[in-house]
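Peer 1: Sequence and computational prediction follow.
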Amino acid sequence: MHTKPLVTRLAAAIGALFALSAIAADVQTDTGTLDEASAAKLFPAKAAYSPYAGRNFPSRPLFGDTHTHTSYSMDAGAFGCRLGPRDAFRFGKGFEITSSSGQQVKLSRPLDFIVVADHSDGFGFFPLLVSGDPKIMADPQGRKWNEMIQSGRGAEAAMDIIRSFGTGTISKAILPMPGTDAYRSAWLATIDAAEAENEPGKFTAFIGFEWTSNTGGNNLHRNVIFRENGDKARLTEPFVTMKPFGSDNPRDLWKWMGATVDKTGSDVLAIAHNGNLSNGRMFPIIESFSGKRIDRAYADSRMRWEPLFEATQIKGDSETHPLLSPNDEFANFERWDKGNLDLTEKKKPEMLEFEYARSALRNGLKMEAELGVNPYKFGVVGSTDAHTGLAAVEEDNFWGKTSSAEPSAERASHPFVKAPDGKTVIMGWETTASGYAAVWEREHARLAVRRDEAQGNLRDDRAAHDRALLRRLRFRGEGWRQPCARAHRLRERRADGRRSFRRAKGQVADVPGRRAEGSDRRESRSLPDRQRLARREGRDA
């Protein structure tokens, strides 16, 4: 009967106690005295001290090569490569193997990933030729080349093969093309090699190929990489440049990529390379194929399918040029600017703006203001383009571009490529010990938790067998958003830092009359002037 009044009185007493405690400066308890200042320290409003608490972004760098060729590439086979896709993957994993020149070779430390990107045109031709495949031997041209190789005249046969392929006179009966048994067999063997050598948590073996548009000797090559595993890559075959099976126009490659995503369910990306050998066609304002100004459709497609650019490799550096970056002493680093890929057309200064990554990034911003989309908004990587099956480009372990240029006393003094007139030459010593790609990841596994692009939430995608590294290359490797896939030009960055520090200390002054970075001699020209210049280049093509 007296319970309710007792509870009421008890509650009132407790309330009064708390009220008095709030007024008091200190609170006495059986654990001591608690003051407001001490209490505030226990419940801080700012972030935790530990820089690792709550970290949810990739923090582990992984290194690899997105551009390795094997004997399945026609030119690699012609120049002596006898290593296949399985060999290339095993070498990348750190195994010691025997090179095509008979020498033992091993990396100083294993890579984390490799893309075997053999040329899609003539895919798998050379292994068939060397082994004397019945269909090859049934054709007079194929039988002649096989007999030349077996009799010790391999170099002569290689030159004849390359010449025949370049002029379109190679027999269609022996050239593997999409839809043929030989082509399908080589593609499946490449996929099987990647599946066999892929080790989640240790090494990622990507499935890919190179689309090699080279009209007029002007390099517009792209490496195409599949995101998913072999079960989806087997549903299609690589896109080629030879008509009527394919096309040499990048727009058609992008259409094929869209159709491939719809057909296979595997996302793909393309990485262009060697803008320095495109003679002004890699990053156009005016398309060389149509002679027309870049439109919104081109910008959208390139933005969708090409989030990366290979800025450095064995065939020189495509980041910038001394005429484009006159205040950067490293702009002359590993420069190849004598002509296009086969030196059939010499380089002209007005071509440079449309070849290099830095000027492309600048022009892309201008085009975005006009089109609403920036076609040249990309991150950068380095890779090798080795045609040896060996992704070995360390300066003290450099195995060259082709198997004929593997370590020997003569390789530096031997011409790498000669112009048809014999006057312009790129020597073996001019090949570059470069490069590798770097990707920031949370973990090293293709069966990994990935970010859902549409919803932005994390979800387990083990059932889809997602190659997580490709996700980073494409979706978190977008260099303008997050620090992920980038070419490691550490010397340039350190030099830039040193110059900035010395300039701040008054130790270095800008040279009077010298143009600032990015303000090359063409910068003062109006966009229409540059358009007319680019249009003139298109007619010359």
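Peer 2: Yep, it's here. Numbering: from 1, shown residues only.

Peer 1: Confirm that Glu368 sits in a strand.
Peer 2: No. Assignment of Glu368 by DSSP: H, G, I helix; E, B strand; the rest coil gives helix, placing it outside any strand.

Peer 1: Report the contact partners of it.
Peer 2: Asn374, Lys377 (C-beta atoms under 8 Å, 6 or more residues apart in numbering). C-beta coordinates here come from the backbone N, C-alpha and C atoms, glycine included.

Peer 1: Distance-wise, check it relative to Pro284.
Peer 2: 15 Å (C-beta to C-beta, to the nearest Å).

Peer 1: Same check on Asp192?
Peer 2: Asp192 is 38 Å from Pro284, by C-beta to C-beta.

Peer 1: So for those two, which residue has more residues nearby?
Peer 2: Taking neighbours as other C-beta atoms under 10 Å, Asp192 and Pro284 compare with Pro284 leading, 25 against 15.

Peer 1: Go over the secondary structure and confirm the more buried one is in a helix.
Peer 2: No. Counting by three-state DSSP, Pro284 is not part of a helix but coil.

Peer 1: would you list every one of the strands in the stretch 201-350 of the chain?
Peer 2: 204-211, 222-226, 268-273, 308-313, 316-317 (DSSP state E, counting those that start in this stretch).

Peer 1: ok, which stretches of the stretch 151-300 of the chain are helices?
Peer 2: 154-167, 181-197, 230-233, 250-264, 296-305 (DSSP state H, counting those that start in this stretch).

Peer 1: So for Ser108, which of these sits nearest?
Peer 2: helix 181-197 (19.8 Å; C-beta to C-beta).

Peer 1: Against which helices or strands is that closest one packed?
Peer 2: On a contact count with 3 or more C-beta pairs under 8 Å, 6 or more residues apart in numbering; DSSP states H and E, helix 181-197 meets helix 85-92, strand 113-116, helix 125-131, strand 204-211, helix 230-233.

Peer 1: Grab the nearest non-local neighbour of Thr241.
Peer 2: Asp248 (4.4 Å; C-beta to C-beta, 6 or more residues apart in numbering).

Peer 1: So Asp337 sits against Asn276, correct?
Peer 2: Yes. Assessed by C-beta atoms under 8 Å, Asp337 is found in contact with Asn276 at 6.5 Å.

Peer 1: So those two - more neighbours on which side?
Peer 2: Asn276 (31 against 19).

Peer 1: thinking that one is in contact with Asp317, fair?
Peer 2: Yes. With contact defined as C-beta under 8 Å, Asn276 counts as touching Asp317 (7.0 Å).

Peer 1: shared neighbours, those two?
Peer 2: Common neighbours of Asn276 and Asp317 (C-beta under 8 Å, 6+ apart) are Arg335, Trp336.

Peer 1: Specify the beta-bridge partners of the nearest residue to Lys93 once chain neighbours are set aside.
Peer 2: Among residues not flanking Lys93 along the chain, Phe203 sits closest, at 4.9 Å (C-beta to C-beta, 6+ apart). Beta-bridge partners recorded for Phe203 (DSSP bridges): Glu199.

Peer 1: Serialize the helices and strands packed on helix 181-197 to TSV and add fields for mean neighbour count and distance to Ser59.
Peer 2: As requested, these are exported to TSV (neighbours: other C-beta atoms under 10 Å; distance: least, C-beta to C-beta, whole Å):
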stretch	mean neighbour count	distance to Ser59
helix 85-92	26	23
strand 113-116	29	17
helix 125-131	21	42
strand 204-211	27	18
helix 230-233	20	30
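
Peer 1: right, and these - which one's nearest Asp267?
Peer 2: When the helices and strands packed on helix 181-197 are compared (using C-beta to C-beta), the closest one is helix 230-233, at 9.7 Å.

Peer 1: Can I get that closest one in CSV? Just the C-alpha atoms.
Peer 2: Output of helix 230-233 as CSV, limited to C-alpha atoms (Å, rounded to 0.1, in the frame of the first residue of the first chain):
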residue,chain,number,x,y,z
GLY,A,230,38.2,-18.5,-68.3
ASP,A,231,34.6,-19.7,-68.2
LYS,A,232,33.5,-16.4,-69.6
ALA,A,233,36.5,-15.6,-71.8
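
Peer 1: give me the low-pLDDT residue ranges for the stretch 351-500 of the chain?
Peer 2: 445-500 (pLDDT under 70).

Peer 1: Which parts of it are strands?
Peer 2: 379-382, 393-394, 397-398, 415-418, 425-427, 437-441, 449-451, 458-460.

Peer 1: Other residues contacting the second one?
Peer 2: Right, strand 393-394. Under C-beta under 8 Å, 6+ apart, the answer for strand 393-394 is Leu107, Ser108, Ile314, Thr384, Ala386, Trp399, Thr432, Ala433, Ser434, Gly435, Tyr436.

Peer 1: How about the third one?
Peer 2: Taking C-beta under 8 Å, 6+ apart as the criterion, the residues outside strand 397-398 that touch it are Val105, Leu107, Ser108, Ala392, Pro407, Ala433.
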